[in-house]
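**Student:** got a sequence here, can you model it:
(one chain, ligands or ions: 2)
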Amino acid sequence: MPGLTVYPPFPEDVPTAPLLVVDYALIKSGDGPEKEKLWKAARELGFWYLKNHGADAEVNGMFDMGAETMHLPLEEKMKYEQGDEGGSFGYKAAGANAIDDKGTRDTTEFLNVAKDDALAWPAVAHRAYPAPVYAYMEGAVRPFTHKALGVNLTLLAVLSEKLGLPEGSLVRLHRPEEYSADASRFIRTTADSHVFSEEKALLMAHTDFGSLSFLHNRLGGLQVLMPGSDKWLYVKPIPGHAICNVGDALTIFSAGILRSNVHRVVPPPKEQCKYERQSLVYFTRPEDTAVLRPLEGSPIIAEAVSKGPEKNWDTGVTAQEWIARRVRARRLKNFQGGEHFKKTIAGTEGDAVLARAVASTY
Ligand SMILES: O=C(O)CCC(=O)C(=O)O
Ligand SMILES: [Fe+2]
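**Tutor:** Ligands and ions are numbered 1, 2, ... in the order given. So this is what the prediction gives:
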């Protein structure tokens, strides 16, 4: 069973990013200092560890589901490919995406299972998935979706309060029963594509499109671009600790107060690179129809808007449009040269930061 693989430990002599550790049990009990820690992490690095999240069993079930799916013949997985039109649910084959402005093919495959399909099952909300998704639906996919929703909505409520928004503002933009691009993603790169090199990104430098990501890593490879620098640092996986991060939508809703930080995935460090890398993430994204612009009713957001008039945070697009554009831009079939790629893929990080991040990768 995949869950039984024993990996070499993350090397001790590799520098790592200083993520704060937030205790979800304390957050749930309303602990003031812990909420303050989350607030600090979400503004400064935009990444933090989350312990005591209570989803370990569901995460393990999802790794089993994902491994079974990935071991299906390519021909079978291709029946569920996400396509080139900007839809992100379903399977994405290795090589379907560009990872840089030269149009280099990626080597990462993944499967995105929509929250809407998990919650609607046995009815279908959006589409069909490979058989293991259904075999694990009751045992892992639905329970993981529920746990991830619970965690992320709880964190959103705290961030909403800290932003000084009217009660429930952020949670109301993420109602589980409304359609959204929320999804559980299982990611795999095989060991033969891991030549240990920080120059070879498995997942290009990017920011996440949505609101909050709830990530589970067993091997290293994830790196964050340290704010205000050109320095990439590994995020060390810690058993039982999720890695959480802020995505573009929260940056826009808060007029830049919350940080959607640039990150990437490179081959796992040292001995770890001999192993297939698998990871699991739940993306919480705003409801499809939510318009991405700073939220009303918070004095500090209003102040951030007035202080930064050079940055127009009002995108004028819905969450659905924002995500579809960025997904579409990555597909190699839609590649129309470097300038077009950089323009269509851009998130909230600003052209200069992304250009620097991409340039320093390749
Ligand atoms: O695999 C990982 O560690 C990170 C994945 C990621 O950043 C993403 O899918 O957006
Ligand atoms: Fe990401």
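
**Student:** what's near enough to touch the closest residue to ligand 1 within the stretch 101-250 of the chain?
**Tutor:** Here the stretch 101-250 of the chain gets closest to ligand 1 at one residue, Leu222, 3.7 Å apart by CB to the nearest ligand atom. Using the backbone N, CA and C atoms, a C-beta is placed for each residue, glycine as well. The neighbours of Leu222, taking CB atoms under 8 Å, 6 or more residues apart in numbering as the test, are 215, 234-235, 243, 263-265, 279.

**Student:** which of those fall within helices?
**Tutor:** Of the contacts of Leu222, none are assigned to helices by DSSP state H.

**Student:** and these as TSV, adding pLDDT?
**Tutor:** Conversion of these to TSV gives the following (pLDDT from 0 to 100):
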residue	pLDDT
Leu215	98
Tyr234	97
Val235	98
Ile243	98
His263	95
Arg264	93
Val265	93
Ser279	98
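
**Student:** out of those residues, who's near ligand 1?
**Tutor:** The residues of the contacts of Leu222 that also fall near ligand 1, by CB under 6 Å from any ligand atom, are 215, 263, 265, 279.

**Student:** which pair in those spans the largest distance?
**Tutor:** Comparing all pairs in the ones next to ligand 1 among the contacts of Leu222 by CB to CB, the longest separation belongs to His263 and Ser279, at 12.1 Å.

**Student:** what parts of the stretch 151-300 of the chain come near ligand 1?
**Tutor:** That would be 185, 187, 203, 208, 215, 217, 222, 263, 265, 279, 281, which are the residues of the stretch 151-300 of the chain within reach of ligand 1 (CB under 6 Å from any ligand atom).

**Student:** and the stretch 1-150 of the chain, by the same measure?
**Tutor:** Contact residues (CB under 6 Å from any ligand atom) of the stretch 1-150 of the chain with ligand 1: there are none.

**Student:** what ranges do the helices span in the stretch 1-150 of the chain?
**Tutor:** Listed in chain order, the helices found in the stretch 1-150 of the chain under DSSP state H, counting those that start in this stretch are 24-28, 32-44, 56-70, 74-78, 115-120, 131-135, 142-162.

**Student:** okay, those helices in JSON lines with mean neighbour count and mean pLDDT next?
**Tutor:** Converted to JSON lines, these look like this (neighbours: other CB atoms under 10 Å; pLDDT from 0 to 100):
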{"stretch": "helix 24-28", "mean neighbour count": "17", "mean pLDDT": "98"}
{"stretch": "helix 32-44", "mean neighbour count": "17", "mean pLDDT": "98"}
{"stretch": "helix 56-70", "mean neighbour count": "20", "mean pLDDT": "98"}
{"stretch": "helix 74-78", "mean neighbour count": "12", "mean pLDDT": "98"}
{"stretch": "helix 115-120", "mean neighbour count": "22", "mean pLDDT": "98"}
{"stretch": "helix 131-135", "mean neighbour count": "17", "mean pLDDT": "98"}
{"stretch": "helix 142-162", "mean neighbour count": "20", "mean pLDDT": "98"}
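
**Student:** I'd like the ones you listed laid out as TSV, including distance to Arg259.
**Tutor:** As requested, the helices of the stretch 1-150 of the chain are exported to TSV (distance: least, CB to CB, whole Å):
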stretch	distance to Arg259
helix 24-28	19
helix 32-44	6
helix 56-70	25
helix 74-78	35
helix 115-120	24
helix 131-135	33
helix 142-162	12
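
**Student:** follow-up on the earlier one: hey, what's the residue of the stretch 101-250 of the chain closest to ligand 1 bridged with?
**Tutor:** With DSSP bridges as the criterion, Leu222 is bridged to Val265.

**Student:** mind checking how far Leu149 is from Asp117?
**Tutor:** The gap separating Leu149 from Asp117 is 14 Å, by CB to CB, to the nearest Å.

**Student:** same check, this time on Ala249
**Tutor:** As judged by CB to CB, Ala249 and Asp117 stand 21 Å apart.
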